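Engineer: next come a sequence and a model predicted from it.
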Number of protein chains: 2
Amino acid sequence: MSDVKHMKWWGWGVDGVAFHHEDKPGFAPFVLDAVALDLHAAQPVQPPSFDDLDLPASKARKPLLTALTKAVTAEFVTTDAMERVVHTYGKSLRDLVRIRAGRISRTPDAVVYPGTEEELQKVVDAVVKADGVIIPFGGGSNIGGSLEPHPDETRPIVSVDMGRMNRLVEIDEAAGLARIQAGALGPDLEAQLAERGWTIGHFPDSFTHSTLGGWVATRSSGMQSDKYGDIADIVRGIRVVRPGGVLALRPLPSTSSGPSLREMVLGSEGRLGVISEVWAQVHRIPAKRIIHAYFFRTFDDGLAAMQAISESDAHPSITRVSDGRETGFSLATSKESKGVSKFVQDSLFGFLEGRGWKPGEVALSFIGFEGSPEHVQRTKRIVDRIVKRHHGLGVGTGPGVLYDQKKFDTPYLRDFLLDRGAAGDVSETAAPWSKLHDVHANAYAAAQRAFDELGRTGWIMSHLSHSYHSGACLYFTFAFVFGDDPIAEYDLVKNAIQQSFVDSGATISHHHGVGLEHAPWLAEDVSPEGVAVMGGLFAAVDPGSNFNPRKIVVS
Amino acid sequence: MSDVKHMKWWGWGVDGVAFHHEDKPGFAPFVLDAVALDLHAAQPVQPPSFDDLDLPASKARKPLLTALTKAVTAEFVTTDAMERVVHTYGKSLRDLVRIRAGRISRTPDAVVYPGTEEELQKVVDAVVKADGVIIPFGGGSNIGGSLEPHPDETRPIVSVDMGRMNRLVEIDEAAGLARIQAGALGPDLEAQLAERGWTIGHFPDSFTHSTLGGWVATRSSGMQSDKYGDIADIVRGIRVVRPGGVLALRPLPSTSSGPSLREMVLGSEGRLGVISEVWAQVHRIPAKRIIHAYFFRTFDDGLAAMQAISESDAHPSITRVSDGRETGFSLATSKESKGVSKFVQDSLFGFLEGRGWKPGEVALSFIGFEGSPEHVQRTKRIVDRIVKRHHGLGVGTGPGVLYDQKKFDTPYLRDFLLDRGAAGDVSETAAPWSKLHDVHANAYAAAQRAFDELGRTGWIMSHLSHSYHSGACLYFTFAFVFGDDPIAEYDLVKNAIQQSFVDSGATISHHHGVGLEHAPWLAEDVSPEGVAVMGGLFAAVDPGSNFNPRKIVVS
């Protein structure tokens, strides 16, 4: 058996780790107010029992299993029930609800763990020869439905787990380029780079449980993207294993060799082949790295300041501003023991009294600075000036330190809520600066209409998380207590928000990809002709529909 | 008839404008030394006579012409001989040699000038319905063979000249985005933007005679790309007219909606449809803009300094350094009357005497600074420090002013040389910093072997013109006196240089595209699987091969 670690089969993250609120006194009152859920009264359900699952049998036949065994040795091919379940879903709300309820109509029929690109090539060729289906698997953190097998798929489905291919192969130190195997998880990859003084600078929320290959396949973006770029900017070369050979794009700073193959692989979610290796830009670990917190009177003030910063010469590593509701949430989930909650709230109250700011409107912002001490000092000065022009106030590095520490813990909250009968999930988008106010307002209105339709007290909050010259990413989190049909109710809310995005000139996703979850709006995002071109590409390069079929372009 | 202006039918640029060297006393001795051509003895040939051309008849039949007339009115459909010739070739060396010799085996059968996207849609639909071929035409400056009709094409060929669609439609000032019709030439586009205080910041060498649509179709890059980005960074939304409908990508700062359609259209050279409109990032015209000149002891010192600058916090708008030979060429082509030649050479001689630098090795560099006066001052200070660390010396803004003034004049030189029996052309590429020294050395060696094989005194020179985190663009110019078969001799040299690129880990083109000229090396650049994927895309979205067939992927 492979020793590749996986998340809980029924939830996010590491076994034994969970969100708890004993040290966060503001949390329970907040939840009661936000979604009418009384945490003191709620009886949390226990994690489901694996033995209760009623699993379909593996459809993998002997010849295919023999070929896979030949490719990777028997140790790394399995039809084990737990392995098949672990590779069935990602971690979307829809996935979590289904797995908790034991709703599994189709699993992969076999899981393989190739150790080298040569083995991966043999796996790909064997599955295609057997007219099977290949679904590449990284860390399993996907929330777009990109990993699940189609319930009606009659052909054998093979999950190709890239977890053994997790090495930093080489660093071209003279060029700032690192060759890294696609299965490397965020922390493994950073540790290997850090040992030699480098960083890739890519830190998505899923960082601890997502892989380089997964980032590329879904067009991921990390928290320091303002400095380091989205994964599309970071990736300079790619190798993709396809039937009979490797699509090999050498590392290049830029090229005009036709339509960009690199940009076709980015976001392809397994439909063009299996990404085996990536050449990524890497940077020397900066001498200094700090995150400063600021308050703005309103979210609109914060947005205007972020745009001014993005147009300035400051070049910070992080631009982030939460709206009034998310600011309230952040304060409520702060640990009292660390003193930060008190610190932040004292600052805030000082304002509120002195300036007549309204608690529900005040917007908390984090700006990150990285580089030489002089650079950090100089750029902070530019940012401070802009913040002041937008009537904001700096409140030091305290909140930023906490943000930095707990930034990867948020996904655990979803399981905590599900245990107590509530759904929490996210929708994120990007739009031009000129449209952000309306994108935000329209998403709020759409969610509220959906909550009203459900007759439920619902919650929605948002932050800006990545700035560009012409626009930014807005990230929404929503929650509500569900009734008998959590997925139907979730769909109602999620769909309303997604529809509001495309109606407001925003995209269906800034960095989560399309999968199944966002596919219904693809034509409204990229036009029907765009879907036709994309579908044409998939059909042309995968005539047998062997590569993660029906994802992105569903038909 | 349309009033769209075109370049000379037989050469570069505006009628009546030509390169001359009367005011450049160093030029004739330089040319004698470089390619053994005695300009004083040479008898320049006269421009060819249009009346001598033996043109194939138009194959456009009545029903197609009627449909085109219906689409755009009779005024904007033509089968006129001059119009067909003007739209037959771009301005590659190969094109110029052929047009001068009257070698035209196939022209477009008709030229149309749509005035709106609706008209363009009707044109596209009419040509596809007639099973004709569409070749989009911008400014006609292409040097990759992207415009020429295939000599064996038996179907009617329609050149779709975008010259009437040249308007700035709107500016979203709040987002820094401009909607511009694809047929706008560089100067027209900048003038319309400048009127309202904006710039697109894209200034390729071809600027005066190339269009926005052409930039997108070939993945162009301009001189200020270090600040403003390549056209791929600048373009945020695109509209492409395809059979029966428009591929419409709304302007977005970033998106993860699957494989990037935007990046498929970029570099597609007409194979996916006709680009009608572009949403481009635009910037407020900076308060200050200067170009400083520096000297380095060697090209390698200059390269190292450019890399250090690209890694620094300086963010200049231009990083450019010429190798020893190109520096010599620049000095030789300086106008004496402007005093710059003397100024530069005095500075240089000061060095040479004092420090033992060698004239043929000294490297002239231009660094551009744009922004607020403080930003310009601060970033210049960072650059000055880096230059000093690499033993370079600043020589002020004098040479930079001259560079800025004459930067668009260089293409005229090719016609001057052709008039005198010599070929001059370019090859450009990009590679990681770690490989640039070898890419440069190998291109030089390859060119020299080709010159030796021809038994000719040949010239090659180079500069770095765009810097990225992980590498840079190298731009080579070569020249030699040709014999009986200029194209065969040109092929020998050009092919040797291109082959050296791919053999050295560099790409076949950084910003000129593929067309026919670079297609032979595409498989070595992006791997055979890459060509298969690209070819699959073209075949899928253009099953009838109606859109500029056999370009990029030749088969």
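Structural biologist: Yes, it's here.

Engineer: so which bits of the stretch 201-350 of chain A are right by chain B?
Structural biologist: A:218-221, A:230, A:232, A:236, A:240, A:242, A:245-269, A:272, A:281, A:283, A:311, A:313, A:315 (Cβ under 8 Å from any Cβ of the partner chain). All C-beta spots, glycine's among them, are computed from the backbone N, C-alpha and C.

Engineer: hmm, which of the residues you listed are the buried ones?
Structural biologist: For those, a burial check counting by 16 or more other Cβ atoms under 10 Å in any protein chain shown picks out A:218-221, A:230, A:232, A:236, A:240, A:242, A:245-269, A:272, A:281, A:283, A:313, A:315.

Engineer: inside strands: which ones of those residues?
Structural biologist: Cross-referencing these against strands under DSSP state E gives A:236, A:240, A:242, A:245, A:246, A:247, A:248, A:249, A:281, A:283.

Engineer: among these, which two are most distant?
Structural biologist: Farthest-apart pair in those is A:245 and A:283; separation 32.5 Å (Cβ to Cβ).

Engineer: sec struct for the residue sitting furthest away from the middle of chain A, please.
Structural biologist: Centroid-distance maximum for chain A: residue A:354 at 39.4 Å, with Cα atoms, centre = their mean. With DSSP: H, G, I helix; E, B strand; the rest coil as the basis, residue A:354 sits in helix.

Engineer: now the longest helix along chain A: mean pLDDT?
Structural biologist: The residue-count maximum for a helix in chain A (DSSP state H) belongs to helix A:433-454. Confidence over helix A:433-454 (mean pLDDT, whole number) is 98.

Engineer: just stretch A:218-225 next, same as before
Structural biologist: Mean predicted lDDT for stretch A:218-225 stands at 95.

Engineer: for it, measure first residue to last.
Structural biologist: 15 Å (Cα to Cα, to the nearest Å).

Engineer: that one: how far from the chain's middle?
Structural biologist: 8 Å (Cα atoms, centre = their mean, to the nearest Å).

Engineer: mind listing residues that contact that stretch?
Structural biologist: A:142, A:144, A:146, A:201-207, A:210, A:214, A:228, A:230-232, A:266-267, A:269, A:317-318, A:320, A:368, A:370, A:407, A:465-466, A:473, A:510-513, A:515, B:254-256 (Cβ atoms under 8 Å, 6 or more residues apart in numbering or on different chains).

Engineer: please look at residue A:429 and residue A:473 and confirm they touch.
Structural biologist: Yes. Residue A:429 is in contact with residue A:473 according to Cβ atoms under 8 Å; the separation is 7.0 Å.

Engineer: in terms of neighbours, single out the busier of the two.
Structural biologist: residue A:429 (33 against 29; other Cβ atoms under 10 Å in any protein chain shown).

Engineer: what about residue A:350, which SS state?
Structural biologist: helix.

Engineer: pull the contacting residues for it.
Structural biologist: Residue A:350 touches nothing, counting by Cβ under 8 Å, 6+ apart.

Engineer: over to residue A:262?
Structural biologist: With contact taken as Cβ under 8 Å, 6+ apart, residue A:262 is in contact with A:235, A:236, A:237, A:238, A:249, B:263.

Engineer: returning to that earlier point: angle of the helix or strand following the longest helix of chain A against helix A:433-454?
Structural biologist: Per DSSP states H and E, the first helix or strand lying C-terminal to helix A:433-454 is strand A:459-467. Relative orientation of strand A:459-467 versus helix A:433-454 (axes from the mean of the first three to the mean of the last three Cα atoms, to 10 degrees): 160 degrees.

Engineer: identify the residue nearest residue A:89 in space, chain neighbours excluded?
Structural biologist: In this structure, residue A:89 finds its nearest non-sequential neighbour in residue A:95, 3.7 Å apart by Cβ to Cβ, 6 or more residues apart in numbering or on different chains.

Engineer: using the three-state scheme, assign the one you found.
Structural biologist: helix.

Engineer: I figured it hits residue A:85, correct?
Structural biologist: No. Look at residue A:95 against residue A:85 with Cβ under 8 Å: they stay out of range, at 11.4 Å.

Engineer: overlap in contacts of residue A:429 and residue A:473?
Structural biologist: In contact with both residue A:429 and residue A:473: residue A:510, using Cβ under 8 Å, 6+ apart.

Engineer: how about the contacts of residue A:262 in TSV, adding distance to residue A:494 and pLDDT?
Structural biologist: Below are the contacts of residue A:262 laid out as TSV (distance: Cβ to Cβ, whole Å; pLDDT from 0 to 100):
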residue	distance to residue A:494	pLDDT
A:235	29	98
A:236	35	98
A:237	36	98
A:238	31	98
A:249	35	98
B:263	28	98
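
Engineer: right, and the pair among the residues you listed with maximum separation?
Structural biologist: Spanning the widest gap among the contacts of residue A:262 are A:237 and B:263, at 15.5 Å by Cβ to Cβ.

Engineer: what is the longest helix of chain A packed up against?
Structural biologist: helix A:299-311, strand A:422-432, strand A:459-467, strand A:471-481, helix A:486-503 (3 or more Cβ pairs under 8 Å, 6 or more residues apart in numbering or on different chains; DSSP states H and E).

Engineer: is chain B contacted by the shortest one?
Structural biologist: Yes. On the criterion Cβ under 8 Å from any Cβ, strand A:459-467 is in touch with chain B at residue A:466.

Engineer: what's the first helix or strand after the lowest-mean-pLDDT helix or strand in chain A?
Structural biologist: Ranked by mean pLDDT, DSSP states H and E, the helix or strand of chain A with the weakest confidence is helix A:340-355, at a mean of 66. Sequence-wise, the next helix or strand downstream of helix A:340-355 (DSSP H and E) is strand A:363-371.

Engineer: hmm, residue A:475 is touching residue A:426, no?
Structural biologist: Yes. Counting by Cβ under 8 Å, residue A:475 touches residue A:426, with 6.6 Å between them.

Engineer: more neighbours: the two, which one.
Structural biologist: residue A:475 (23 against 19).

Engineer: any idea of the pLDDT on the more buried one?
Structural biologist: pLDDT, residue A:475: 98.

Engineer: try residue A:401
Structural biologist: At residue A:401, pLDDT is 71.

Engineer: cool, the one 4 residues further on as well?
Structural biologist: Taken from the predicted model, the pLDDT recorded for residue A:405 is 65.

Engineer: dump the helices and strands packed on helix A:433-454 into JSON lines; add distance to residue A:42 as well.
Structural biologist: Below are the helices and strands packed on helix A:433-454 laid out as JSON lines (distance: least, Cβ to Cβ, whole Å):
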{"stretch": "helix A:299-311", "distance to residue A:42": "31"}
{"stretch": "strand A:422-432", "distance to residue A:42": "9"}
{"stretch": "strand A:459-467", "distance to residue A:42": "16"}
{"stretch": "strand A:471-481", "distance to residue A:42": "10"}
{"stretch": "helix A:486-503", "distance to residue A:42": "15"}
